[in-house]
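[1] Predicted model and sequence follow; I will ask about them next.
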Amino acid sequence: MTDPLDEPLEHRRAHRRRTGGWMLAVGLVALFVSTFAVPEALVHLARASAEGAALGARGAATTAVGAVTLLGGGALAVLGFNWRRSAGEAPHPEDLLDDEQFGDDPLRPFDPDRFRGPGHRDPDARD
């Protein structure tokens with residue numbers, strides 16, 4: 001088995017994006033399942049507490065499935081989204097050449113007066 005640090009950087013980024021994508025997809029599916037399991041679990045829990053009886057097998061199963069899918073799906077969705085976002089693409093070589101030639105500053109400085117129409121005066125100007 002090869003050491004992951006021996007792989008080129010772009011391969012590691014692609015692997016991280018794929019892994020994050022799968023985590024996000026599984027998390028979203030689990031959250032979708034929880035939209036059906038959690039309300040049913042709440043109904044079973046309310047009936048069991050109102051009647052003072054023990055929770056049935058279906059109630060216990062839907063409570064467990066609802067809790068696991070809600071908490072686990074939410075955690076997987078957040079982690080997967082952050083993994084994908086943190087493994088952004090490498091800067092394009094043309095962008096690096098532009099940065100070398102022109103620096104990191106904007107090529108044209110921002111001028112807010114450019115957007116003022118005719119007849120509009122500067123709100124910061126004093127009379």
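    Everything's here; your move. The model shown is predicted, which means the values in this text are computed figures rather than measured ones.
[2] hey, let's count contacts and neighbours off CA atoms from now on
    Fine.
[3] ok, residue 39 - how many residues close by?
    When neighbours are counted by other Cα atoms under 10 Å, residue 39 registers 14.
[4] Check residue 11 too.
    So residue 11, with other Cα under 10 Å, has 11 neighbours.
[5] Surely residue 70 touches residue 39?
    No. Assessed by Cα atoms under 8 Å, residue 70 is found out of contact with residue 39, at 11.3 Å.
[6] which residue is nearest the middle of this protein?
    In the chain, the C-alpha closest to the average C-alpha coordinate belongs to residue 81, at a distance of 3.2 Å (Cα atoms, centre = their mean).
[7] who touches that residue in this structure?
    Counting by Cα atoms under 8 Å, 6 or more residues apart in numbering, residue 81 touches 20, 21, 23, 24.
[8] give the contact list for residue 36.
    By Cα under 8 Å, 6+ apart, residue 36 lies in contact with residue 66.
[9] so how far is residue 42 from it?
    11 Å (Cα to Cα, to the nearest Å).
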